[in-house]
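Peer 1: I would like to see how this sequence folds:
(one chain, ligands or ions: 3)
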Amino acid sequence: MRHADHRRRPAGAVAQRPHPRSVPGGRAGTRALTSPRLETGPQEANDGRQIIRWKGLSLVGNQSVTGDLQVDPALAAFVAEELVPRVGLTPEWFWGTVAQLHAQFGPRAADLMARRDELQERIDAWHRENGAPGEDDVEAYAAFLTEIGYLLPLEEPTISVSNVEREIAEIPGPQLVVPSTVPRYALNALNARWGSLFDALYGTDALADPTGTRGYDADRGALVIAEVDRLLDEHFPLSGSSHTAVTRYRVQDGALIADVDSAADGSTLADPAQFAGYRGDPGSPDAVLLRHHGLHLELTVDPGKGVGQQHHAGVADAVLESAITTIIDLEDSVSTVDGPDKVVGYRTWLGLVTGDLTATFRKGGKDVTRTVADDRVYTAPDGSELVLSGRALPLVRNVGHHMRTDAVRTADGEPILEECLDIAVSAVAALHDFRDLGKHRNFPAGSFYVVKPKMHGPDEVALSVDLFAAVEEALDLPPNTIKIGIMDEERRTSLNLEACIARASERVIFVNTGFLDRTGDEIHTVFEAGPVIRKDDEKSATWLKSYEDRNVDVALRAGFSGRAQVGKGMWAQPAGMRAMLAAKGSQPKAGANTAWVPSPTAATLHALHYLETDVLAVQAELKNRPLTDRNKLLVAPILPRRGEELTEEQIRHEVETNVQSILGYVVRWVGMGIGCSTVPDLEGVGLMEDRATLRISSQELANWLRHGLIDEAQLRETYARMAVLVDEQNAGEAGYQPLAQDPDTNPSYQAALELALAGREEPNGYTERVLTTWRQKAKA
Ligand SMILES: CC(=O)SCCNC(=O)CCNC(=O)[C@H](O)C(C)(C)COP(=O)(O)OP(=O)(O)OC[C@H]1O[C@@H](n2cnc3c(N)ncnc32)[C@H](O)[C@@H]1OP(=O)(O)O
Ligand SMILES: O=CC(=O)O
Ligand SMILES: [Mg+2]
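Peer 2: Ligands and ions are numbered 1, 2, ... in the order given. I've put the predicted structure just below:
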């Protein structure tokens, strides 16, 4: 008998909702939208691209249209040989669909970009005239923003999203983000559903600074054992005893017994329902499974091996359910500037969905092959079989509406709207799961999950929703199969969050405060109001606190609790685990079901915060607090008295910090094609840098330049000095091209400089255009 409660459907089981109704694209001629046909065979353009000529009925109206797409050969080969064959589609169908999506949504996206620019121009003019609105005088500013259609009427949405996995709706826990372009990391991320708590505590600064000594340090091991005992006593208390005193865990009559010297019969869990199962012989189990707040913790028992020899009850590891969901990122943590780059990310997503992805690499002098983890099987207390997923639920982050890719061009040579390609690939890959063609089922509830970044307001959310609907129609998927995670990371979305949620009410599975992009957008939006405060001070600014609170308020009022995630942002200091343990517990306490972590180890440690806090109970309480006033989000983070209160030394330090982090990140993005890096700051603390943190640093420099806190000569001089430091920090890196040698011809140096110098004009302060242009030059 199988235990129904906490069991994921294994491969082959029946999903809760029907699979897609038919073979998408497989009924050429019977269904207009899904029947683009090849008109002539693929031809080659001068630059080796494949010209794919297709004919079909337009998604827009019912006209018969013919078109060419010029497709990068690596991308064309990936689609033809890897993406479409197993689901019975043809490349012509695929490219015809992409072409039609671009034809339908490309102009609409362009209009929305023009609207962004128009609003920014008007806001700039207002700030030039009126300066910065402070806490006491936001009313006039709000009235102006309302007049120009930036601030929209408040709505009261209620979400009605269905067919959502438990990982999203019911299990609060960490969300890991991983660049799709590194299969080794991506596999690690998917498998990070379970992580060794012993390793996370032993191998990081969580309990004590790492010593760097080789081999096992028994004193450090003792610290870990004591800490895990403390955590067990806190979250899984025994009645009348302590886990520190346990000499053996065993199972008797479906209950966990902890033998302790002081009690002849042993002790039991104060809440017996926390015992979720075991593996092996009940009298001497190999593993004991506990559950609290929906998260499982396995105590792996092996008194003869490793730490088990030192542990008082023979426990060799404590394996904690960690990354409940993971975002496979095609956006800000990758450097993808052409077809071959995009293929690497797409292949990862497809391989994770099917379970076929592998990565072989050398580690510790050995060849290691990493594969997708299997499910974990236990015996439930009632004797039934309990199967728990061994993998995080994967979500995929597509690019935003502002991105175009020349990996695919129209007949006129125009790069297509990149998100059309992203969503088409994401969806066809997901189809493998719905058709049960993979090793495991990822999406048994019948939905898959796309994270949409950098949307500005409800019209842009509506574009995503319509795009997803068009893809569902093309693939013959049931409506609302494609769910959306809304990144609340642009000011116009935060201010109009209710309306954004309303436009996606049947699809939305999260709102997430991407505070990094959001900070970049804050700076760019108030650019003309005056010099902005330093980036670390943004974290305690009125706008940011109000934005974090209001996001939770709005989501809970819209009925997210138990249906969708209220998410919070990234911990950007991958090696700072003690600091993370101290700080990141505030996110679940603030009502977040999930928050972002940069690594599997951080996921395991952050999971402890969800053992500590019952998020669903917190949400039930927070639902009734007064809605945070949205005008508070309008208080501009501008230095009083135009920066006079910062000393020369403080200004110099802040400029150096920003320049050094920009150079340290860009040198890897442009020079080496690495989209996310740990960049040591001036004090040598490694910080996770991605395109969003770059947006903040470059916008702050551009803003200070504009308002005269620094001049261009000072800025250039700082770049030159920091280049030497960055070269030192990267000395010995394979493929590293030093910056200081010949900065005038170094594409990374030039890109880094341009980001600050052109930051005022760059739409919304994004960094993608500069990075892509220089990376393409560097590659050429
Ligand atoms: C604003 C935003 O959009 S934030 C979202 C974008 N940011 C991210 O996606 C952050 C993702 N994280 C990362 O890319 C990396 O963790 C970095 C760049 C921060 C650090 O990378 P590194 O310095 O190489 O990591 P480090 O050396 O500490 O660890 C490497 C090990 O950890 C694993 N690892 C590190 N980060 C991750 C991750 N995010 N997912 C899975 N595994 C990871 C690697 O697989 C590797 O283990 P292995 O040798 O067994 O394969
Ligand atoms: O995407 C996340 C962010 O903080 O930006
Ligand atoms: Mg972001």
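
Peer 1: now do stretch 601-611: everything it contacts.
Peer 2: 172-174, 176, 192, 195-197, 199-201, 203-204, 206, 231, 234-235, 292-293, 295, 297, 320-323, 571, 574, 577, 580-581, 584-585, 587-588, 595, 597 (Cβ atoms under 8 Å, 6 or more residues apart in numbering). Using the backbone N, CA and C atoms, a C-beta is placed for each residue, glycine as well.

Peer 1: which elements pack onto the helix or strand containing Ala617?
Peer 2: Taking DSSP states H and E as the criterion, Ala617 maps to helix 615-622. On a contact count with 3 or more Cβ pairs under 8 Å, 6 or more residues apart in numbering; DSSP states H and E, helix 615-622 meets helix 542-557, helix 586-589.

Peer 1: okay, the angle between it and helix 542-557?
Peer 2: Relative orientation of helix 615-622 and helix 542-557, computed by axes from the mean of the first three to the mean of the last three Cα atoms, to 10 degrees: 100 degrees.

Peer 1: sec struct for Ile484, please.
Peer 2: strand (DSSP: H, G, I helix; E, B strand; the rest coil).

Peer 1: and the nearest residue to it once chain neighbours are set aside, what is it in contact with?
Peer 2: Once flanking residues are discounted, Ile484 sits nearest to Arg507: 4.7 Å by Cβ to Cβ, 6 or more residues apart in numbering. Residues in contact with Arg507 (Cβ under 8 Å, 6+ apart) are Val161, Val465, Phe468, Asn480, Ile482, Lys483, Ile484.

Peer 1: can you get me a residue count around Gly765?
Peer 2: When neighbours are defined as other Cβ atoms under 10 Å, Gly765 has 26 of them.

Peer 1: just Pro453 next, same as before
Peer 2: With other Cβ under 10 Å as criterion, Pro453 counts 26.

Peer 1: thinking again about what came up before, quick check: what element follows the helix holding Ala617 along the chain?
Peer 2: With secondary structure assigned by DSSP H and E, helix 615-622 is succeeded by helix 648-672.

Peer 1: so what's the gap between the next helix or strand after that next one and the chain middle?
Peer 2: Using DSSP H and E, the helix or strand that follows helix 648-672 in sequence is strand 677-680. Distance of strand 677-680 from its chain centroid, counting by Cα atoms, centre = their mean, to the nearest Å, is 18 Å.

Peer 1: tell me the strands beside the helix or strand that comes right after strand 677-680, with direction?
Peer 2: Using DSSP H and E, the helix or strand that follows strand 677-680 in sequence is strand 686-689. Strand pairing for strand 686-689, determined by DSSP bridges: strand 677-680 (antiparallel).

Peer 1: so which residues make contact with the partner strand?
Peer 2: So strand 677-680 is contacted by 574-575, 660-661, 664-665, 668-669, 686-689, 729 (Cβ under 8 Å, 6+ apart).

Peer 1: among the residues you listed, which pair sits farthest apart?
Peer 2: Ala575 and Trp669 (20.8 Å; Cβ to Cβ).

Peer 1: out of those two, which sits in the more crowded spot?
Peer 2: Neighbour totals were compared for Ala575 and Trp669, and Trp669 leads with 28 against 20 (other Cβ under 10 Å).

Peer 1: contacts only, for the more buried one.
Peer 2: Per Cβ under 8 Å, 6+ apart, neighbours of Trp669: Ser335, Gly675, Ser677, Ser748, Ala751, Leu771, Arg775.

Peer 1: ChimeraX command to pick out the buried ones of the contacts of strand 677-680?
Peer 2: Here is the ChimeraX command that picks out the buried ones among the contacts of strand 677-680, judged by 16 or more other Cβ atoms under 10 Å:
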select :574,575,660,661,664,665,668,669,687,688,689,729
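
Peer 1: got TSV for the contacts of strand 677-680, with pLDDT and distance to Ile148 too?
Peer 2: As requested, the contacts of strand 677-680 are exported to TSV (pLDDT from 0 to 100; distance: Cβ to Cβ, whole Å):
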residue	pLDDT	distance to Ile148
Pro574	96	41
Ala575	95	45
Gln660	97	38
Ser661	97	34
Gly664	97	39
Tyr665	97	35
Arg668	96	40
Trp669	97	35
Gly686	95	42
Leu687	96	37
Met688	96	36
Glu689	96	34
Gln729	92	45
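
Peer 1: show me the chain divided up by domain.
Peer 2: Taking automatic domain parsing as the reference, the chain has its domains at 154-191+330-357+391-399+416-634, 195-321, 642-779.

Peer 1: just name the most buried of these.
Peer 2: Highest mean neighbour count of the domains of the chain: domain 154-191+330-357+391-399+416-634, a mean of 22 (counted as mean count of other Cβ atoms under 10 Å).

Peer 1: up against ligand 3, what does the protein have?
Peer 2: Contact residues (Cβ under 5 Å from the ion) of the chain with ligand 3: Glu489, Gly514, Asp517, Ala692.

Peer 1: so the first one is in contact with Arg518, correct?
Peer 2: In other words, Glu489. Yes: taking contacts as Cβ atoms under 8 Å, Glu489 lies within contact range of Arg518: 4.5 Å.

Peer 1: any stretches of the stretch 301-450 of the chain with poor pLDDT?
Peer 2: Filtered on pLDDT under 70, the stretch 301-450 of the chain yields no residues whatsoever.

Peer 1: residue ranges of the helices in it, please?
Peer 2: Using DSSP state H, counting those that start in this stretch, the helices assigned to the stretch 301-450 of the chain run over residues 307-310, 339-354, 418-434.

Peer 1: what packs against the shortest one?
Peer 2: Using 3+ Cβ pairs under 8 Å, 6+ apart, the elements in contact with helix 307-310 are helix 218-235, strand 315-321.

Peer 1: and the contacts of that helix?
Peer 2: With Cβ under 8 Å, 6+ apart as the criterion, helix 307-310 contacts 198, 218, 221-222, 224-225, 300-303, 314-317.

Peer 1: any weak-confidence spans in the stretch 601-750 of the chain?
Peer 2: Residue ranges of the stretch 601-750 of the chain with pLDDT under 70: 642-644.

Peer 1: helix, strand or coil for the residue of it found nearest ligand 3?
Peer 2: Here the stretch 601-750 of the chain gets closest to ligand 3 at one residue, Ala692, 4.2 Å apart by Cβ to the ion. Classification of Ala692 using three-state DSSP returns helix.

Peer 1: enumerate every residue touching it.
Peer 2: So Ala692 contacts Asp332, Glu489, Gly514, Leu516, Asp517, Gly520 (Cβ under 8 Å, 6+ apart).

Peer 1: and if you look at Arg775?
Peer 2: Counted by Cβ under 8 Å, 6+ apart, Arg775 has contacts Ser335, Val337, Trp669, Val670, Gly673, Pro747, Ala751.

Peer 1: next up, phi/psi of it, please.
Peer 2: Main-chain dihedrals, Arg775, degrees, to the nearest 10: phi -70, psi -40.
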